[in-house]
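> Output the structure for:
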Amino acid sequence: MKKLITIMLFINNISYSQDNIKSSENFNNNIKKSTRLSAILPGLGQINNKQFWKIPIIYGGYSVIGHYIKFNNNMYQEFRTALIHETDDNILTINPFPNFSESGLERNMDFWRRNRDLLIIFSGVYYLLNIADAHIFAHLKDFDTNDNISLKIKPSIENLNNTKVIGLSLNINF
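Now for the predicted structure:
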C-alpha cells in the first residue's frame, strides 16, 4: 500500500503540458541543428551555440595539423626520391643524403610517411571532436546555473523494520 501511494505521489508531481512538449522539441531540434551544422562545416555548430571564441581555436588547430601534414609529406617525398636515386643504378642521379645508406633512407622514408598518415587520422579525430563539442554544448546551453541552491534540514520520523526511527532529513533544492 505504501509503495502504491509513493508511486501515485510521484506520478502526480510530474506534469506534462503542451508548452513543455513544444519547448522540448525546440530544444532537441537546436541540438540536432548544432550537430549537423558542425558536421557540414567545422565551427558552424559553435556559431549556432553562440560560442564564437571557439572558431579561431578550431581553425587554428586545422591549420597547425595541415602544416605538419604538408611538412611530413615533403620530408617523405625527399627521402623517397633519395631512395630512388640510390637504387636506380644511374650515375647521373645523385643521392641528396650521402650519409644515409639504403636501409637508412628506407627507415626515414617510413618514419615521415607514418607521421603524415597519423596526422591525417588525427585530423579526422579533430573533426569528430568539433562535432562532439557542438553537440555537447548545445545540450548544456540551456542548463540552469542560477544561485538558487538551498539546503533544508528537517526532523523526520521513518519506519524501518516496523520500528519508528527519529532522524534528520536533508533536502537539497537546485
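
> what's residue 160 sitting at in phi/psi?
Backbone torsions for residue 160, taken as degrees, to the nearest 10, come to phi -130, psi 110.

> Enumerate the beta-bridge partners assigned to it.
Bridge pairing for residue 160 (DSSP bridges) gives the partners residue 163.

> That one and residue 166, how far apart?
The spacing between residue 160 and residue 166, counted by CB to CB, to the nearest Å, is 11 Å. C-beta coordinates here come from the backbone N, C-alpha and C atoms, glycine included.

> cool, and residue 44?
When CB to CB is applied, the distance between residue 44 and residue 166 equals 59 Å.

> Of those two, which one has the most company?
Just comparing residue 44 and residue 166: by other CB atoms under 10 Å the higher neighbour count belongs to residue 44, 18 against 8.

> Tell me if I'm right that that one and residue 51 touch.
No - applying CB atoms under 8 Å as the test, residue 44 and residue 51 come out as separate, 11.3 Å apart.

> Tell me if I'm right that residue 168 and residue 156 touch.
Yes - the pair formed by residue 168 and residue 156 meets the contact definition of CB under 8 Å, at 6.7 Å.

> So between these two, which is more surrounded?
When residue 168 and residue 156 are compared for neighbours, residue 156 comes out ahead with 12 against 8, by other CB under 10 Å.

> mind listing the strands for the chain?
150-160, 163-173 (DSSP state E).

> for the record, mean pLDDT for the first one?
It stands for strand 150-160. For strand 150-160, mean pLDDT is 84.

> do the same with the last one
Mean per-residue pLDDT for strand 163-173: 84.

> Ok, stretch 92-108 next?
Per-residue confidence for stretch 92-108 averages out to 88 on the pLDDT scale.

> And for stretch 114-122?
98.

> What ranges does this protein have for its helices?
2-13, 18-40, 44-48, 54-87, 102-140 (DSSP state H).
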